[in-house]
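1. Please work out how this folds:
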Amino acid sequence: MKYLIAGLGNIGSEYDHTRHNIGFDVLNHIAKEFGEKFETERLASVCKFKTKGRTFVLIKPTTYMNLSGRAVKYWMDAEKVPIEKVLVVTDDLALDLGSLRMRKKGSPGSHNGLENIIQVLGRNDFARLRFGIGNDYSRGRQADFVLSPWKASERPIIDEKISIAADMVIAYGTIGIDRTMNQFNKK
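-> Numbers count the residues shown, from 1 in each chain. As a prediction, this is how the structure comes out:
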């Protein structure tokens, strides 16, 4: 079985390790854990590996966050991965810092990357792993907040949660979404 895992973020060093790029950070952690590297391919940086009889195709769209749907659709088609085997890893302002929630489907909320994926695919029934980035910002400063780096005091929490999120991604492909949600969503 093959799974497509899309970690959302923005390309460019100015966005490295910012709140909005947590999807990239989770996928980078997984690639490192499995001794793999990303290669720049069409519309995304891509890393492929196998574990426990499953093939994982990790993509970090190079389309910028707000056009992530193009990359997700392209790689679903190129790798022949049905929507039931797609997982999107994304930041979420509505969740407390470090909270992790996997869902089978849902609305985009205020997330433009998820909105674009739904628009391009014409449906919202793909799994997503939402990584809480908190919402400690002043009115009208949302964009600055999501594009800001983590505070030094937040880094230990984020590093621990990136590792757990990586475990959730692998569990999604190996034990299924229901068991993964039961095992991790309560933590």
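2. okay but Phe56 is in contact with Gly7, surely?
-> No. If you go by C-beta atoms under 8 Å, Phe56 and Gly7 don't touch, sitting 11.7 Å apart. Placement of C-beta: from N, CA and C, glycine included.
3. Neighbour count: these two, which is higher?
-> Gly7 (30 against 26; other C-beta atoms under 10 Å).
4. Now do the contacts for that one.
-> Residues counted as contacts of Gly7 (C-beta atoms under 8 Å, 6 or more residues apart in numbering) are Gly23, Phe24, Asp25, Val26, Leu27, Leu58, Ile59, Lys60, Val88, Val89, Thr90.
5. Phi, psi for it please.
-> For Gly7, the backbone dihedrals are phi -100, psi 120 (criterion: degrees, to the nearest 10).
6. before we move on, what about Lys60?
-> When read as degrees, to the nearest 10, the backbone of Lys60 gives phi -120, psi 100.
7. and if you look at Arg128?
-> phi -140, psi 150.
8. What residues are bridge-paired with it?
-> Val88, Arg103 (DSSP bridges).
9. What about it, how many residues nearby?
-> The number of residues packed near Arg128 is 25, by other C-beta under 10 Å.
10. which residues does Arg101 contact?
-> With C-beta under 8 Å, 6+ apart, Arg101 has these contacts: Asp92, Leu95, Leu129, Arg130, Gly132, Asn185.
11. rerun that using 10 Å as the cut-off
-> Asp92, Ala94, Leu95, Arg128, Leu129, Arg130, Phe131, Gly132, Met168, Met181, Phe184, Asn185 (C-beta atoms under 10 Å, 6 or more residues apart in numbering).
12. Pick out whichever of the residues you listed sits closest to Thr51.
-> Among those, Met168 lies closest to Thr51 (C-beta to C-beta), at 14.1 Å.
13. Please enumerate the strands of this structure.
-> Using DSSP state E, the strands of the chain run over residues 2-7, 39-41, 44-51, 54-61, 86-92, 100-103, 127-132.
14. roughly how far out does stretch 153-161 sit from the chain middle?
-> 17 Å (C-alpha atoms, centre = their mean, to the nearest Å).
15. contact partners of the lowest-mean-pLDDT helix or strand in the chain?
-> Least confident helix or strand, the chain: helix 142-146 with a mean of 85, by mean pLDDT, DSSP states H and E. Helix 142-146 is contacted from outside by 10, 18-22, 65, 91, 93, 110-111, 133-138, using C-beta under 10 Å, 6+ apart.
16. Name the residues of it that come out as buried.
-> Phe145, Val146 (16 or more other C-beta atoms under 10 Å).
17. Ok, stretch 76-85 next?
-> By neighbour count on 16+ other C-beta under 10 Å, the buried set for stretch 76-85 is Met76, Ala78, Glu79, Val81, Lys85.
18. how distant is the helix ranked longest in the chain from the center of its chain?
-> If you go by DSSP state H, the chain has its longest helix at helix 155-174. Mean-position distance between helix 155-174 and its chain equals 11 Å (C-alpha atoms, centre = their mean).
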